[in-house]
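Colleague: What follows is a predicted protein model with its sequence.
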Number of protein chains: 2
Amino acid sequence: MSHLGYCRLMAVDREHVLRSAAALLTRRPTATMDEVAKAAGISRATLHRHFAGRDALVRALEALGIEECEAALDAARLAEGPAREAVGRLVREVEPAAGLLAFLYSENQLFEGDQNEGWTRIDDRVAALFRRGQATGEFRIDLTPAWLTEALYGLLASGAWAVSEGRVAAKDFTFMIVELLLGGALRHPERHSEQPREES
Amino acid sequence: MSHLGYCRLMAVDREHVLRSAAALLTRRPTATMDEVAKAAGISRATLHRHFAGRDALVRALEALGIEECEAALDAARLAEGPAREAVGRLVREVEPAAGLLAFLYSENQLFEGDQNEGWTRIDDRVAALFRRGQATGEFRIDLTPAWLTEALYGLLASGAWAVSEGRVAAKDFTFMIVELLLGGALRHPERHSEQPREES
DNA sequence: CTTGAGTGAGACATCAATGTCTCATCTGGG
DNA sequence: CCCAGATGAGACATTGATGTCTCACTCAAG
């Protein structure tokens, strides 16, 4: 088990480091490599042995986020049943990764240009869900799938931050996001005009 | 006019520097003081004469954002008419500042602890609007005003980013945010149960 | 016991951004 | 013309994070 055991132990270790880094950077996006190492319970030297530098660490976190996102997309079975229920499943599945995704979401605003293709694949799958909902008549057609996708990301990030700052209860996370995204804030089923603007 | 003129000119200049800094940092939150100076068409030395350092610059931008936010809150007359229309007015009034607010929104996630009290005042006013809407029966009561407030911020930031990256048209900004926040993505007025979760 | 891989601690060098300083230049008012 | 204030350009030291290196220690396998 010398060789195999070695690799698997490294993987576990790396996984653990990534998890603590994600947890820390979610709260303090500017945390130092020193702090990341300390949070993982290892020395900076060892951290550097696992990840060549801060870039590599963030890249690895991005890969982890993409991986968990796609796992959530798979688990949510977006193609099955009513689209609205698929949205609910998706948010529920993605909830554990919401903090990490919120970090990566704001981190992506910093990087110009080269954005990982994994995100566009995810974008496509989410947008396809909204498009399906529009095709079946469940969702309104005057809000583009691209915007609904962006809005979902924004609500996930807002929700994660609001929970981490104690402004909303963690147990309401999925409920609030899904209810707002699907149903909106209005109470009565009366739907106002689709052209609400005065001229101007 | 030596003295008065001096002050007013300085104010105009400072205003211009702040505007360009806001425009630049909105696109590239990590821009250097050098780049900020270049973007404003002045030298780094002069930039330092206006703002002691990067901290001071960000603080000034924060103050500007708060100022514009409160101006938008005033202009939207949140206490008048149906709450849903007040939300529409608010988003429309706040739209020109959305980019700056998105920058400050993510910047605030970086700073720990001491957050400017101006934001809590703004939070209170927005939350009061949602609370009023709930009291009049316009808004549902199973989404807390605090969450609706956070969600509005998140949608504003998402919208600003989506527009700046060309994913949604700038002219649809207000429409999409208001429609999603108030009406949600569902097409039909049928409202699903307020306890949509399976047990578990 | 011996060995070797992995680790922690810490000493550097590097690098980018920042803050401070000086000096030459420009400009408008006296 | 002369001058004071503001500016631009650039040199310089500082600071904080980072990347690299060495060395001693631990621990489990042989």
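Modeller: Yes, it's here.
Colleague: give me the residue from chain A nearest DNA strand D.
Modeller: Nearest residue of chain A to DNA strand D: residue A:53, at 2.4 Å (CB to the nearest atom of the strand). C-beta coordinates here come from the backbone N, C-alpha and C atoms, glycine included.
Colleague: number of nearby residues for that residue?
Modeller: A count of nearby residues for residue A:53, using other CB atoms under 10 Å in any protein chain shown, gives 11.
Colleague: Could you do residue A:35 as well?
Modeller: With other CB under 10 Å as criterion, residue A:35 counts 15.
Colleague: where's it, which helix or strand?
Modeller: helix A:33-40 (DSSP states H and E).
Colleague: I'd like the next helix or strand past that helix.
Modeller: helix A:44-50.
Colleague: List the buried residues of that following helix.
Modeller: A:47, A:50 (16 or more other CB atoms under 10 Å in any protein chain shown).
Colleague: ok, now stretch A:128-139?
Modeller: Neighbour counts over stretch A:128-139 (16+ other CB under 10 Å) mark A:129-134, A:138-139 as buried.
Colleague: What values do phi and psi take at the residue of chain A closest to DNA strand D?
Modeller: Main-chain torsions, residue A:53, degrees, to the nearest 10: phi -170, psi -170.
Colleague: and if you look at residue A:186?
Modeller: Main-chain torsions, residue A:186, degrees, to the nearest 10: phi -70, psi 140.
Colleague: got any ranges where chain A has weak pLDDT?
Modeller: For chain A, residues meeting the criterion pLDDT under 70 lie at A:1-12, A:112-114, A:188-200.
Colleague: Which residues of it lie near DNA strand D?
Modeller: Proximity of chain A to DNA strand D, by CB under 7 Å from any atom of the strand, involves residues A:2, A:32-34, A:44-45, A:48, A:52-55.
Colleague: in the helix holding residue A:35, what counts as buried?
Modeller: A:36-40.
Colleague: which one among those gets closest to residue B:174?
Modeller: When the buried residues of helix A:33-40 are compared for distance to residue B:174 (CB to CB), residue A:36 wins out at 40.5 Å.
Colleague: Just list the residues touching that closest one, thanks.
Modeller: Residue A:36 makes contacts with A:20-21, A:24-25, A:47, A:57, as judged by CB atoms under 8 Å, 6 or more residues apart in numbering or on different chains.
Colleague: what's the closest non-adjacent residue to residue A:31?
Modeller: Of all residues not flanking residue A:31 in the chain, residue A:24 sits nearest, at 5.3 Å (CB to CB, 6 or more residues apart in numbering or on different chains).
Colleague: element containing that neighbour?
Modeller: helix A:2-27.
Colleague: Can you give the domain ranges for chain A?
Modeller: Domain segmentation of chain A under automatic domain parsing yields A:1-51, A:61-183.
Colleague: Output these in TSV; the columns should cover distance to residue B:180.
Modeller: Putting the domains of chain A into TSV (distance: least, CB to CB, whole Å) gives the following:
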stretch	distance to residue B:180
domain A:1-51	26
domain A:61-183	5
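Colleague: Let me know which of those domains is tucked in deepest.
Modeller: domain A:61-183 (a mean of 19; mean count of other CB atoms under 10 Å in any protein chain shown).
Colleague: For residue A:143, which three-state class applies?
Modeller: Three-state call for residue A:143 (DSSP: H, G, I helix; E, B strand; the rest coil): coil.
Colleague: Assess the claim that it and residue B:180 are in contact.
Modeller: Yes: in this structure residue A:143 lies within contact range of residue B:180 using CB atoms under 8 Å: 6.1 Å.
Colleague: Check which helix or strand the most centrally placed residue in chain A maps to.
Modeller: By CA atoms, centre = their mean, chain A has its centre lying nearest to residue A:101, at 3.4 Å. Assigned by DSSP H and E, residue A:101 falls within helix A:98-110.
Colleague: contacting residues around residue A:161?
Modeller: Counting by CB under 8 Å, 6+ apart, residue A:161 makes contact with A:102, B:109, B:150.
Colleague: What does residue A:52 show for phi and psi?
Modeller: Main-chain torsions, residue A:52, degrees, to the nearest 10: phi -50, psi -30.
Colleague: ok, it to chain B distance?
Modeller: Distance check for residue A:52 against chain B: by CB to the nearest CB, to the nearest Å, it reads 21 Å.
Colleague: what's the burial count for that residue?
Modeller: For residue A:52, using other CB under 10 Å, the count is 11.
Colleague: how far away is it from residue A:59?
Modeller: 10 Å (CB to CB, to the nearest Å).
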